[in-house]
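S.K.: Structure of the sequence below:
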Amino acid sequence: MLELFVSSNRGHRISPSKPAESPKPSSVPSTHFHPFRDQKECELITQTVDYLKHSGFYWGPLEVDEAHARLARLPLGTFLIRDSMQANVFFTLSYQAPDGPTSVRVLIKDGVFSLAGSKHTFSCLFGLLGYYIASPKKSLSMPYRGDVPQSLQELARRAVVQSFGKDSIQQLPVSKKLKEFLWLYPFSI
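M.R.: This is a model prediction of the structure:
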């Protein structure tokens, strides 16, 4: 059995749990995430969290009120991803809707992502986001990465992925180190 723990620096780490021992309350990090019982789900969440860490719009354990306050004065469709405070949900999408900031749970079931109340499913969280960015309703438009300017490296990475596509990264005539950098976040969102 594996468990996902929230660390204090807006990230997560995966560690094996000890099946025979019952941990002492003071020795276990505070988290609402349930233990994984499925290796594939653990790998999916681990990879998603790794990508989210490099996205710039992942805010970790941000409270709903704070997320809504950050989005309140931003343009319609601006969004961020944060940890859900609900025990059986990993992520929440918070965005600026026509009626003001709102949040919706990102559900994961049988290895696919969906928004609560939607029948659309996606094998990747970033596919889900891309779908709602491109939809005619324009529910989502741009991610909120905070007030700090993005680095030139981050901007260049997204531009390369947008120009050539995720599937072409391996064929690019660039160094192995640069390809590794591109694979840290192979999305143009």
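S.K.: Residue 159: neighbour count?
M.R.: By other CB atoms under 10 Å, the residues close to residue 159 number 11. C-beta: built from backbone N, CA, C; applies to glycine.
S.K.: I should have written residue 59 there, sorry.
M.R.: Counted with other CB under 10 Å, residue 59 comes out at 21.
S.K.: The one 4 residues further on too?
M.R.: Residues contacting residue 63 under the criterion other CB under 10 Å number 12.
S.K.: Quick check: mean pLDDT of the host helix or strand of residue 178?
M.R.: Assigned by DSSP states H and E, residue 178 falls within helix 176-184. Taken as a whole, helix 176-184 has a mean pLDDT of 93.
S.K.: Which positions in that helix come out as buried?
M.R.: For helix 176-184, the neighbour count (16 or more other CB atoms under 10 Å) marks 181, 182 as buried.
S.K.: Can you name every helix or strand that that helix contacts?
M.R.: For helix 176-184, the packing partners by 3 or more CB pairs under 8 Å, 6 or more residues apart in numbering; DSSP states H and E come out as helix 39-55, helix 152-164.
S.K.: how about those helices in JSON lines, adding mean pLDDT and distance to residue 141?
M.R.: Below are these laid out as JSON lines (pLDDT from 0 to 100; distance: least, CB to CB, whole Å):
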{"stretch": "helix 39-55", "mean pLDDT": "91", "distance to residue 141": "16"}
{"stretch": "helix 152-164", "mean pLDDT": "92", "distance to residue 141": "15"}
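S.K.: just checking, which of those helices sits deepest inside the structure?
M.R.: Sort those by mean neighbour count, taking mean count of other CB atoms under 10 Å, and helix 39-55 sits at the top with a mean of 17.
S.K.: Which residues does the helix or strand that that one is followed by contact?
M.R.: Sequence order places helix 64-71 as the next helix or strand after helix 39-55, per DSSP H and E. Contact with helix 64-71 is made by 59, 78-80, 82, 85, 92, 94-96, 100-103, 144, as judged by CB atoms under 8 Å, 6 or more residues apart in numbering.
S.K.: any weak-confidence spans in the chain?
M.R.: 1-37 (pLDDT under 70).
S.K.: Okay, domains of it per the record?
M.R.: Here the domain parsing of the chain from automatic domain parsing is 64-143, 152-184.
S.K.: Mind putting those domains into JSON lines with distance to residue 38?
M.R.: Putting the domains of the chain into JSON lines (distance: least, CB to CB, whole Å) gives the following:
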{"stretch": "domain 64-143", "distance to residue 38": "9"}
{"stretch": "domain 152-184", "distance to residue 38": "25"}
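S.K.: so of those, which one's packed in deepest?
M.R.: domain 64-143 (a mean of 16).
S.K.: got the end-to-end distance for that domain?
M.R.: Distance between the two ends of domain 64-143: 17 Å, counting by CA to CA, to the nearest Å.
S.K.: can you state the direction angle for the helix holding residue 178 and helix 39-55?
M.R.: Using axes from the mean of the first three to the mean of the last three CA atoms, to 10 degrees, the direction of helix 176-184 lies 110 degrees away from that of helix 39-55.
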